[in-house]
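Chemist: Whatever this is, show me its structure:
(chains A and B)
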Amino acid sequence: MTSILDFDFMRRALVAAALVGLIAPLVGVFLVQRRLALLGDGMGHVALTGVGLAFLLGTAPIPTAMAAAVLGAFLIEFIRYRSRTAGDVALALLFYGGIAGGVMFASLAPGKASSSLNSYLFGSLSTVGEGDLLALGALCLVVVLVITVLGRELFAVSLDPDVAAVQGIRVRVMSTLMAVLAAVVVVVGMRVVGLLLVSAIMIVPVAAAQQVTRSFRATAVLAIVIGLVASVSGLVGSFYVEVPPGPTIVLVALLAFAVLATIAMPIRRRRREAA
Amino acid sequence: MERTGQEVVLVDRLCVEFDGEHVLENVDVTIHAGEFVALLGPNGSGKTTLIRAVLGLQPYDHGRVALFGTPLSSFRSWERIALVPQRLPGASSIPVSVWEAVLSGLISPKRRWRPFSRAEKAAATRALNDVGLWGKRHARLDTLSGGQQRRALIARALASGADLLVMDEPTAGVDSEHVARLTENLAVLRERGTTVIVVTHDLAGITHLVTRAIVLDPGGRESVVYDGPPPVPTTLSDHVHHHDDAPGGAPSAVGLET
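Modeler: Numbering: from 1, shown residues only, chains lettered A, B, ... in the order given. Got it, this is the predicted structure:
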């Protein structure tokens, strides 16, 4: 049997998948706590406009998608801040605009751009190059550093923005930062699981972990473990069964959710009886 | 009433409007260190708006606010203030342990570059012991009863070592047995000399702690209709109670009329 490590592209793909499996749940845990589980989804739509634009202008897709996603992050925070009630409709408009714009720009681009759009929608791990890997690694390092330093403040804002503000925390800065972090994860994950599923790898491991945990820290740690295991085993599995890695990774994470939710059921019942 | 302490809160001719409607009119309030103030009034009387304005969460149209002698716009010593909410909304979407919730009261940009010190963790331990929840420190906050959650949030404020505590309806939705327990915790604060502002429409159970009652009522040229020691004069207590939605209704009247 051929070993997966015999191929350079697979070695690079494994590193890329592990990076995403690590940082996506790390950012996702804050998003779930702020009840912004779908933010990553929207950010993916907006990033798609960046990819389409890159095809049209002939620029590099990753930086252009990053610029679009970060710009989208600022716009989303601005909309959320300005209109608390109509916020979700405004966000929906932005998201639909993002995906329509992406497909439109890609169609206008010369060559077979619209077919290569697929590799960004559903991921294309096999085409991850040496340079991509360096860029992804650098982005992941930035995310980990930011959360190491500012994670507690992000946590406080997620618990209760008003209370956080009274503790002297800059709530708007932290909210925007959280959206920017989500944007970074979306762009990193775009190559691995694709823009349509990247949000899943942020949210599903967190949803799975919180079935059995009792603290935020434990949830974050377990979600990262689940994210890593799902990414790496999903990729390896997809190599041998010859299916696309993105959906395989997401399905493994969903399986983890189903298993932990089943295990948790009797624990929860006991806890409720004790209370 | 003893008013020798430092001016903790100064509110001077404060006015707040929402869409042209006057929510607060010409509010003048000075609160000194060590006072235990109950802020009373019917729903919609601007109690919460006043507190939000004082804490910098609500912009205001006219007037002046100062905290610990510093104008609000240049106030930076936020570690001296703790807001005690009814609950932490983020703790119901992801598991948050009681211990994490209590320590979260110590999170501040000033501690950004270092982990919590041993002294800070000791303060959190002491606070949990004070409210009798040390044994529950590993439990998920949202699995505690309403009264226990309220006590955990008081522990959070205790751990922060703040000099001014602002509490939003600390007894709402807490049954009378737990109110007694809660009251003991609040008494500890009073003994420590902490300045406390309680926003409530129900003085039941805490009357004996309150040194000063401020009653708001909208509509007049000045929103503050009573400012003095409890009890609130009965002519006003009708006012205070006509929107009372406390369970049973009757017990809260006792707090104001005895």
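Chemist: Single out the residue in the stretch 101-250 of chain B that lies closest to chain A.
Modeler: Of all residues in the stretch 101-250 of chain B, the one sitting closest to chain A is residue B:107 (4.4 Å; C-beta to the nearest C-beta). From N, CA and C alone the C-beta is placed, and that goes for glycine too.
Chemist: Enumerate every residue touching that residue.
Modeler: Going by C-beta atoms under 8 Å, 6 or more residues apart in numbering or on different chains, residue B:107 touches A:152, A:153, A:155, A:156, A:164, A:167, A:169.
Chemist: Number of residues surrounding the fourth one?
Modeler: A total of 24 residues lie near residue A:156 under the criterion other C-beta atoms under 10 Å in any protein chain shown.
Chemist: circling back to that earlier point, mind putting the contacts of residue B:107 in TSV, pLDDT, secondary structure and distance to chain B included?
Modeler: Below are those laid out as TSV (pLDDT from 0 to 100; DSSP: H, G, I helix; E, B strand; the rest coil; distance: C-beta to the nearest C-beta, whole Å):
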residue	pLDDT	secondary structure	distance to chain B
A:152	95	helix	5
A:153	96	helix	6
A:155	95	helix	7
A:156	95	helix	4
A:164	95	helix	8
A:167	94	coil	5
A:169	95	coil	6
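Chemist: how many neighbours does the closest residue to residue B:206 other than its chain neighbours have?
Modeler: Leaving aside its chain neighbours, residue B:206 sits nearest to residue B:183 (5.7 Å; criterion: C-beta to C-beta, 6 or more residues apart in numbering or on different chains). As a burial measure, residue B:183 scores 17 neighbours (other C-beta under 10 Å).
Chemist: coming back round to it: phi, psi of the residue of the stretch 101-250 of chain B closest to chain A?
Modeler: phi -70, psi 130 (degrees, to the nearest 10).
Chemist: I figured the residue nearest to residue B:206 was touching residue B:210, is that so?
Modeler: No - contact criterion C-beta atoms under 8 Å: residue B:183 and residue B:210 do not qualify, at 11.0 Å.
Chemist: wait, what's in contact with residue B:66?
Modeler: So residue B:66 contacts B:7, B:9, B:10, B:12, B:72, B:75 (C-beta under 8 Å, 6+ apart).
Chemist: top of those by neighbour count?
Modeler: Of those, with other C-beta under 10 Å as the count, residue B:9 tops at 23 neighbours.
Chemist: and the closest residue to chain B within the stretch 51-200 of chain A, what element?
Modeler: Closest to chain B within the stretch 51-200 of chain A is residue A:168: 3.3 Å, counting by C-beta to the nearest C-beta. Secondary structure assignment for residue A:168, by DSSP states H and E: no helix or strand.
Chemist: again, but for residue A:252
Modeler: Counting by DSSP H and E, residue A:252 is found in helix A:245-274.
Chemist: for residue B:31, same thing?
Modeler: Going by DSSP H and E, residue B:31 is in strand B:21-32.
Chemist: list the buried ones in that strand?
Modeler: B:22, B:23, B:24, B:25, B:26, B:27, B:29, B:31, B:32 (16 or more other C-beta atoms under 10 Å in any protein chain shown).
Chemist: Tell me the one of those residues nearest chain A?
Modeler: For the buried residues of strand B:21-32, the nearest to chain A is residue B:31 (16.1 Å; C-beta to the nearest C-beta).
Chemist: Let me know the pLDDT of the closest one.
Modeler: On pLDDT, residue B:31 comes in at 94.
Chemist: And for residue A:275?
Modeler: Confidence score, pLDDT, at residue A:275: 54.
Chemist: For the chain, which residues score under the pLDDT cut-off?
Modeler: Defaulting to chain A. A:1-2, A:84-87, A:112-114, A:270-275 (pLDDT under 70).
Chemist: wait, chain B
Modeler: B:1-4, B:234-258.
Chemist: how about a cut-off of 50?
Modeler: In the predicted model of chain B, residues B:1-3, B:241-258 satisfy pLDDT under 50.
Chemist: With the flanking residues excluded, which residue is spatially nearest to residue B:41?
Modeler: Using C-beta to C-beta, 6+ apart, the closest residue to residue B:41 is residue B:216 (3.7 Å).
Chemist: where's residue 15, which helix or strand?
Modeler: By default, I'm working from chain A. With DSSP H and E as the criterion, residue A:15 is inside helix A:8-33.
Chemist: To clarify, I was referring to chain B.
Modeler: Assigned by DSSP H and E, residue B:15 falls in strand B:7-18.
Chemist: quick one: is that strand near chain A?
Modeler: No - using C-beta under 8 Å from any C-beta of the partner chain, strand B:7-18 stays clear of chain A, with a minimum separation of 13.2 Å.
Chemist: if I look at residue A:267, how far off is chain B?
Modeler: Separation of residue A:267 from chain B (C-beta to the nearest C-beta, to the nearest Å): 11 Å.
Chemist: pretty sure that residue is touching residue A:260, no?
Modeler: No - taking contacts as C-beta under 8 Å, residue A:267 lies outside contact range of residue A:260: 10.2 Å.
Chemist: Could you check how far stretch A:33-41 is from the centre of its chain?
Modeler: 10 Å (C-alpha atoms, centre = their mean, to the nearest Å).
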